[in-house]
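Peer 1: below are the sequence and a predicted model; questions follow.
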Amino acid sequence: MTALVEVDDLAKTFDVSAPWLNRVIERQPRRFVHAVDGVSFAIARGTTLALVGESGCGKSTVARLLVGLYGPTRGKVRFDGSDTSATLAGPGARALRKRMQMIFQDPYASLNPRWTVRDIVGEPLREHGLAMTEAELAAKVAALLAQVGMAAADGAKFPHQFSGGQRQRISIARALATEPEFLVCDEPTSALDVSVQAQVLNIMKDLQRQRGLTYLFISHNLAVVRHVADSVGVMYLGRLVELAPKRTLFSTPRHPYTRMLLDAIPDIAMTGRQRTPVQGEVPNPLNPPTGCAFHPRCPHANARCSSERPELVDFQGIRIACHAVTEGRI
Amino acid sequence: MTTPLLEVRHLRVEFPTRRGTLRALDDVSFSIAPGEILGVVGESGAGKSLTGAAIIGLLEPPGRVAAGRIVFAGQRIDDLPPEAMRQIRGKRIGAIFQDPLTSLNPLYTVGRQLIETIQVHLGLDGAAARERAIDLLRSTGIPAAEQRIDQFPHQFSGGMRQRVVIALALAAQPELIVADEPTTALDVSIQAQIISLLKNLARERGTAVMLVTHDMGVIAETCDRVAVMYAGRVVEIGPVAEVIHRPAHPYTAGLMGSIPAMDSEHERLLQIDGAMPRLNAIPAGCAFNPRCPRAADRCRSERPELLRAGATQAACWLHDAKVAA
């Protein structure tokens, strides 16, 4: 299987310095947040990679870097073999944008409230010249709405007339309009109720099967990730700490952080398993710990963990960034 | 069974609007015993938060209790004058809300907010109140409480802020805590810490907790009994293990099936088609009938009351003993 999307040492740094005058008067240095710091992965055509992690771990930044909403500070994103930031700056930008689309978390904020659903879903068609006449546009919008389980008559309505789940389906229809190969989904179901979440997840899986879509799926919900993903990357403070096929990750999690996340999931089957409350919280990204960023919360940390940052390396069929695992301590 | 601390009977909450009166809660009944954790679960708009707001007497006008009663420790509290209710709220009934940032005053230090609450309700002097505030922060798991008490809410992370809010709710040692989605804004790892905190409260202090959430996982782990709400009504209520493993109402069954489970790998999730009705268009009969796979004619015309269904009670005609017999 060839990789459709390849990410190599991707990094994004945000400048969060105080204004120049304050820096001069108060003698403050410039300050930077390394939101994403050297992330590498590949997504094979027709598969789903999920990125999981707690708030502030940089997963949404990765999503935005991939579709070109942010420019990378360092590293490369290759889409179908060519560098995206070079392509997006050149004449091939429109052709590339057609091939990748994004679905956002909040369906209340990502749809223009003054546009009808037909305008919203039809906009990419119009923009990319995919529908020549109004009649063709209407027919294509109706077909797109049908694909996500909505009626053609819904096209004349406005977003406020729909529930959250229906709005998220409109977002999906809009993303599908240009017949993309790659969809970046940033927490697509986090704002939805569970019964509606099930509707949206089922539609996304059906579409993947029918069209061979490739997904990057960002989520903090491990149960959802387990349902949709083929492989899973776990992020912590801007770096990947474990990258493994879904089954391996859920059956034998290796990184202490992955184990902690899995242990923290509420036990709905009521097996009587005691949740181990995690100690501590995600550190401040402005001032990350030295060495492995997870070492202050890690039960297996030693002197090496607090001084030397582990790199993501191949280890027994998965990729992992942990001294304790590669040394065979756990 | 011990005498309930809180008893809600046939509660109805209405919102008069220009286009008619909306019935947001209808015929809601349940009780909570001391030391018991009752979960209230349902999707957005089911009326879970509204039930909590009615109990603590903080219904947003024009919302009002139109029928039924709320009895707390033997005293009816839904018709109390605002001043009398204020004496109970905060002192005997504590509240925890979803968003810890908006329930704290950003201009006051955490300590000042805690100390003020303690002084008002317990009548302690400044030094003793401060001592107690530090104890409270420590008991909710805030490290270095002596220093952190003089910090402002923005200096705390989300999980720490929620602990401060819990400390505030506990300040006057209430008998009942109404917790409205206390863990929804938090990451899973922090969620587990807050949940064990609430459980300890119920076990050790005998505090009764009404836990409102949409997260079945949290309910499964925390609660003794659970009430499932749909379109302003309780559709099923019973011991948590029964409701989760042997749901009696088709809505509960659908809700459970639509949750991606960690221990099973189904290709597709069970889905409940459609969405919850709006308040101005609640269907006749059982409110769930348009989405129900087992709906019959009777469900479209006649509204089911809570009926005994094994160890739980469900508002569903499938459990009508007279028909079954």
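Peer 2: Perfect, I can see it now. Residues are numbered from 1 along each chain as shown, chains lettered A, B, ... in the order given.
Peer 1: please name the nearest non-neighbouring residue to the residue in the stretch 201-325 of chain B positioned nearest to chain A.
Peer 2: Residue of the stretch 201-325 of chain B nearest chain A, by CB to the nearest CB: B:Gly217 (2.8 Å). Every C-beta, even on glycine, is put in place using the N, C-alpha and C of the backbone. Nearest residue to B:Gly217, sequence neighbours excluded (CB to CB, 6 or more residues apart in numbering or on different chains): A:Pro266, at 2.8 Å.
Peer 1: thought B:Ser196 was touching the one you found, still the case?
Peer 2: No: A:Pro266 lies out of contact with B:Ser196 (CB atoms under 8 Å); the separation is 11.4 Å.
Peer 1: how much space between B:Thr21 and chain A?
Peer 2: 23 Å (CB to the nearest CB, to the nearest Å).
Peer 1: mind checking the SS state of that residue?
Peer 2: State at B:Thr21, reduced to three classes by DSSP: H, G, I helix; E, B strand; the rest coil: strand.
Peer 1: looking at this, A:Leu10 is in a strand?
Peer 2: Yes: per three-state DSSP, A:Leu10 lies within a strand segment.
Peer 1: re earlier: now the one helix or strand the residue of the stretch 201-325 of chain B closest to chain A maps to: how far from the chain's centre is it?
Peer 2: Assigned by DSSP states H and E, B:Gly217 belongs to helix B:216-222. From the chain centre to the centre of helix B:216-222 is a distance of 13 Å (CA atoms, centre = their mean, to the nearest Å).
Peer 1: and A:Ser85, how far from A:Val7?
Peer 2: In this view, A:Ser85 and A:Val7 are 12 Å apart by CB to CB, to the nearest Å.
Peer 1: more neighbours: which of the two?
Peer 2: A:Val7 (26 against 15; other CB atoms under 10 Å in any protein chain shown).
Peer 1: ok, now how distant is that one from chain B?
Peer 2: 24 Å.
Peer 1: so that residue sits in a strand?
Peer 2: Yes: looking at A:Val7 with three-state DSSP, it is inside a strand.
Peer 1: who are the contact partners of it?
Peer 2: A:Val39, A:Ser40, A:Phe41, A:Ala42, A:Val62, A:Leu66, A:Gly75, A:Lys76, A:Val77, A:Arg78 (CB atoms under 8 Å, 6 or more residues apart in numbering or on different chains).
Peer 1: out of those residues, name the ones that lie in strands.
Peer 2: Among those, the residues falling in strands (DSSP state E) are A:Val39, A:Ser40, A:Phe41, A:Ala42, A:Gly75, A:Lys76, A:Val77, A:Arg78.
Peer 1: of the residues you listed, buried ones?
Peer 2: Among the ones in strands among the contacts of A:Val7, those scoring as buried are A:Val39, A:Ser40, A:Phe41, A:Ala42, A:Gly75, A:Val77, A:Arg78 (criterion: 16 or more other CB atoms under 10 Å in any protein chain shown).
Peer 1: near chain B, which residues of chain A are found?
Peer 2: Neighbours of chain B within chain A, by CB under 8 Å from any CB of the partner chain: A:54-55, A:163-166, A:193-199, A:201-202, A:205, A:220-224, A:226-227, A:250, A:260-261, A:264-270, A:275-278, A:281-282.
Peer 1: restricted to helices, list those.
Peer 2: With helices defined by DSSP state H, the entries of the residues of chain A next to chain B inside them are A:164-166, A:194-199, A:201-202, A:205, A:222-224, A:226-227, A:250, A:260-261.
Peer 1: now do the helices in the chain.
Peer 2: You didn't pick a chain, so chain A it is. Assigned by DSSP H, the helices in chain A fall at A:20-26, A:59-66, A:84-89, A:93-99, A:117-127, A:134-147, A:164-176, A:194-211, A:222-228, A:246-251, A:256-263, A:303-307, A:323-326.
Peer 1: that's the wrong chain, I wanted chain B
Peer 2: Counting by DSSP H, chain B has helices at residues B:48-55, B:82-88, B:110-122, B:126-139, B:145-148, B:158-170, B:188-200, B:216-222, B:240-245, B:250-257, B:297-301, B:321-324.
Peer 1: how far does the first one sit from its chain's centre?
Peer 2: Right, the one you point to is helix B:48-55. 7 Å.
Peer 1: check which helices and strands that helix is in contact with.
Peer 2: Packing contacts for helix B:48-55, counted by 3 or more CB pairs under 8 Å, 6 or more residues apart in numbering or on different chains; DSSP states H and E, involve strand B:6-17, strand B:20-32, strand B:37-41, strand B:64-72, strand B:176-180, strand B:208-213.
Peer 1: can you list contacts of it?
Peer 2: The contact list for helix B:48-55, computed with CB under 8 Å, 6+ apart, reads B:6, B:8, B:11, B:13, B:24-25, B:28, B:40-42, B:59-60, B:63, B:65, B:70, B:72, B:77-78, B:93, B:95, B:178, B:180-181, B:210, B:212-214, B:229, B:232.
Peer 1: try it again at 7 Å.
Peer 2: With CB atoms under 7 Å, 6 or more residues apart in numbering or on different chains as the test, helix B:48-55 has contacts from B:6, B:11, B:13, B:24-25, B:28, B:40, B:42, B:59, B:65, B:70, B:178, B:180, B:210, B:212, B:229.
Peer 1: mind showing which ranges of the stretch 1-150 of chain B have poor pLDDT?
Peer 2: Scanning the stretch 1-150 of chain B for pLDDT under 70 picks out B:1-2.
Peer 1: which positions in it make contact with chain A?
Peer 2: Within the stretch 1-150 of chain B, the positions adjacent to chain A are B:Glu43, B:Ser44 by CB under 7 Å from any CB of the partner chain.
Peer 1: and the closest residue to chain A within the stretch 1-150 of chain B, how many neighbours?
Peer 2: In the stretch 1-150 of chain B, the residue that lies nearest chain A is B:Glu43 (3.9 Å; CB to the nearest CB). Neighbour count for B:Glu43, taken as other CB under 10 Å: 22.
Peer 1: spit out the contact partners of the residue most central in space within chain A.
Peer 2: When CA atoms, centre = their mean is applied to chain A, the residue found nearest the centroid is A:Ile218 (3.0 Å). Counting by CB under 7 Å, 6+ apart, A:Ile218 touches A:Leu51, A:Lys59, A:Ser60, A:Ala63, A:Cys185, A:Asp186, A:Glu187.
Peer 1: how about B:Leu198?
Peer 2: Going by CB under 7 Å, 6+ apart, the list of residues near B:Leu198 reads B:Ala179, B:Val209, B:Thr222.
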